[in-house]
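# Starting from these lines, generate the structure:
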Amino acid sequence: MRPTTITSKPAIWLTDQIDEGIKAQRNHDLLEVVDESARRTNERLVGRTLEVLCEGPSKTNPSRLMGRTRTNKITLFEGSDEFAGILVDVRIERATGFSLYGMPDRAFQGKMTGYLAIIR
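Numbers count the residues shown, from 1 in each chain. Have a look, this model is predicted:
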């Protein structure tokens with residue numbers, strides 16, 4: 001055991017505690033930095049076409065589909081429930097810190113029509 005480790009008192013009893021308001025403000029500031037960084041990273045993907053594994057309807061908006069890119073970014077896009085379980089080429093139209101939004105690529109839609117006809 002390190003000589004500076006206090007084993008008899010929990011941290012709450014130490015006298016130099018940081019005020020809860022300060023902790024909350026620091027947490028808020030940190031989350032703002034993280035959110036902004038994630039948004040900038042995702043915005044670099046706008047205009048690109050990414051391969052997305054469609055998981056099915058979005059939990060928050062069942063009229064959209066939800067899937068994940070190869071780098072595990074959540075992507076929401078329009079399409080049929082038949083896309084579930086299939087890799088879909090999605091052209092990214094906008095981004096937030098946590099999600100990408102797009103439409104299936106036109107070239108992919110043409111290939112998909114033939115593919116669905118084969119598997120039915």
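# As a check, name the ranges of all helices in the protein.
Counting by DSSP state H, the chain has helices at residues 20-43, 106-119.
# Lowest mean pLDDT across those helices, which one is that?
Of all the helices of the chain, the minimum mean pLDDT falls on helix 106-119 (a mean of 56).
# how about residue 98, what does it touch?
Taking C-beta atoms under 8 Å, 6 or more residues apart in numbering, we find residue 98 in contact with 38, 42, 74. Any C-beta I mention is one placed from the backbone N, CA and C, and that applies to glycine too.
# same question, residue 61
Contacts of residue 61 by C-beta under 8 Å, 6+ apart are residue 76.
# what bridges to the closest residue to residue 50 other than its chain neighbours?
Take residue 50 and drop its neighbours on the chain: the residue closest to it by C-beta to C-beta, 6 or more residues apart in numbering is residue 69, 4.9 Å away. Taking DSSP bridges, one obtains residue 52 as the residues bridged to residue 69.
# what about residue 69, how many neighbours?
16 (other C-beta atoms under 10 Å).
# go on, residue 16?
For residue 16, the count of nearby residues is 4 (other C-beta under 10 Å).
# again with residue 95
Neighbourhood size, residue 95 [other C-beta under 10 Å]: 21.
# And for residue 87?
Other residues near residue 87 come to 13 when the count uses other C-beta under 10 Å.
# For stretch 90-100, C-alpha coordinates in CSV please.
In CSV, the C-alpha atoms belonging to stretch 90-100 read as follows (Å, rounded to 0.1, in the frame of the first residue of the first chain):
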residue,chain,number,x,y,z
VAL,A,90,-25.6,5.6,-48.1
ARG,A,91,-24.7,9.1,-49.3
ILE,A,92,-24.2,11.3,-46.2
GLU,A,93,-26.2,14.6,-46.3
ARG,A,94,-25.7,15.9,-42.8
ALA,A,95,-24.1,15.1,-39.5
THR,A,96,-24.4,15.8,-35.8
GLY,A,97,-22.0,14.9,-33.0
PHE,A,98,-23.6,11.5,-32.6
SER,A,99,-25.3,10.5,-35.9
LEU,A,100,-25.0,10.7,-39.7
